[in-house]
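*Asks:* no FASTA, just this:
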């Protein structure tokens with residue numbers, strides 16, 4: 001099993017990072033803030049005005065260390081990638097499948113069914129922990145029907161339609177899961193998020209998407225050619241396909257935990273003149289700490305039947321998808337939370 005390596009989050013503005021022998025050095029206005037062994041690093045995430053030396057960029061490309069850039073407020077900008085890994089024959093088959101409606105549907109309906117099942121698990125978990133709730137119970141029953149329909153979707157468009165209906169059902173009751181004082185969720189708003197809950201959800205989804213990009217690239221798949229999500233210039237469609245399995249089980253649960261345990265407050269958010277809501281610098285740091293801790297938590301993988309850190313789930317699923325595309329397995333086994 002692949003080892004879960006560290007991720008370095010650079011959040012302070014005007015920071016400079018460079019390579020010194022086999023280590024990564026972080027400096028702020030000439031002052032050395034930290035020095036870390038490069039061998040233990042999997043990803044470097046830079047937020048805002050962060051400078052990276054060309055030598056460190058080259059080293060990251062050679063060693064397969066992900067180097068990703070975001071705006072100061074967490075919107076994804078770019079990701080540096082080195083040589084393409086894996087077998088070109090695998091990618092050629094991936095591309096052929098993307099043009100084959102039958103093959104695309106076979107993968108898409110399983111991903112959608114897993115997403116719906118994981119969303120339903122979040123609702124049922126709340127019922128177990130906090131007692132019966134008629135609104136949540138009714139929504140979970142509707143999601144159960146949607147999950148069964150998704151498994152038998154006859155086309156990618158049908159799978160997308162079922163996914164859209166299920167997402168509407170799930171988010172219509174999401175506010176029932178929130179117990180932090182002052183936090184209110186009125187519906188999913190993406191670009192830009194206009195409330196603290198949506199700001200956290202979007203940030204978490206963005207982080208996990210880049211985990212999926214790294215995982216898919218690592219096993220030799222092209223993260224930009226997907227099955228459920230249509231091709232669009234600049235969009236990592238296959239990574240977004242993989243993200244669907246982790247939205248509820250990883251991102252949503254993390255956001256709910258931070259709110260309900262009062263680790264983040266309404267005062268931790270800033271509203272821009274445009275109406276967009278973002279986390280303050282300190283809040284984003286606390287969010288990233290919680291995110292990294294969550295990655296270390298081990299869960300039982302339902303298909304591999306072994307304990308796996310949550311941070312390695314994208315790698316596991318990318319590997320299983322690659323095996324399926326190669327023809328080693330009859331079906332792609334999506335991640336379904338137990």
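*Replies:* Yep, it's here. Note that the structure is predicted; figures quoted are calculated from it, not measured.
*Asks:* pretty sure residue 135 is touching residue 175, no?
*Replies:* No: in this structure residue 135 lies outside contact range of residue 175 using Cβ atoms under 8 Å: 9.6 Å. Yep, even glycine has a C-beta here, placed from its N, CA and C like the rest.
*Asks:* Would you map the helices across this protein?
*Replies:* Along the chain, the segments classed as helices by DSSP state H run 54-63, 88-98, 101-130, 134-151, 156-172, 196-218, 237-243, 253-260, 281-296, 313-326.
*Asks:* need these in JSON lines with mean pLDDT, distance to residue 81 and mean neighbour count, can you?
*Replies:* Supplementary listing: those in JSON lines, determined by pLDDT from 0 to 100; distance: least, Cβ to Cβ, whole Å; neighbours: other Cβ atoms under 10 Å:
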{"stretch": "helix 54-63", "mean pLDDT": "85", "distance to residue 81": "7", "mean neighbour count": "15"}
{"stretch": "helix 88-98", "mean pLDDT": "91", "distance to residue 81": "14", "mean neighbour count": "15"}
{"stretch": "helix 101-130", "mean pLDDT": "93", "distance to residue 81": "24", "mean neighbour count": "21"}
{"stretch": "helix 134-151", "mean pLDDT": "93", "distance to residue 81": "32", "mean neighbour count": "17"}
{"stretch": "helix 156-172", "mean pLDDT": "93", "distance to residue 81": "27", "mean neighbour count": "19"}
{"stretch": "helix 196-218", "mean pLDDT": "90", "distance to residue 81": "6", "mean neighbour count": "24"}
{"stretch": "helix 237-243", "mean pLDDT": "94", "distance to residue 81": "12", "mean neighbour count": "24"}
{"stretch": "helix 253-260", "mean pLDDT": "93", "distance to residue 81": "26", "mean neighbour count": "21"}
{"stretch": "helix 281-296", "mean pLDDT": "88", "distance to residue 81": "21", "mean neighbour count": "17"}
{"stretch": "helix 313-326", "mean pLDDT": "90", "distance to residue 81": "15", "mean neighbour count": "21"}
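*Asks:* Reformat those helices as CSV; add distance to residue 43.
*Replies:* Supplementary listing: the helices of the chain in CSV, determined by distance: least, Cβ to Cβ, whole Å:
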stretch, distance to residue 43
helix 54-63, 9
helix 88-98, 22
helix 101-130, 24
helix 134-151, 32
helix 156-172, 28
helix 196-218, 7
helix 237-243, 14
helix 253-260, 17
helix 281-296, 11
helix 313-326, 11
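*Asks:* Nearest approach to residue 188 belongs to which of those helices?
*Replies:* Ranking these by proximity to residue 188 (Cβ to Cβ) places helix 156-172 first, at 5.0 Å.
*Asks:* Now find how far off-centre the closest one is within its chain.
*Replies:* Going by Cα atoms, centre = their mean, to the nearest Å, the spacing between the C-alpha centre of helix 156-172 and its chain's C-alpha centre is 19 Å.
*Asks:* counting contacts, what elements does it pack onto?
*Replies:* Here helix 156-172 is seen to pack against helix 101-130, helix 134-151 when contacts are counted using 3 or more Cβ pairs under 8 Å, 6 or more residues apart in numbering; DSSP states H and E.
*Asks:* No further questions, thank you.
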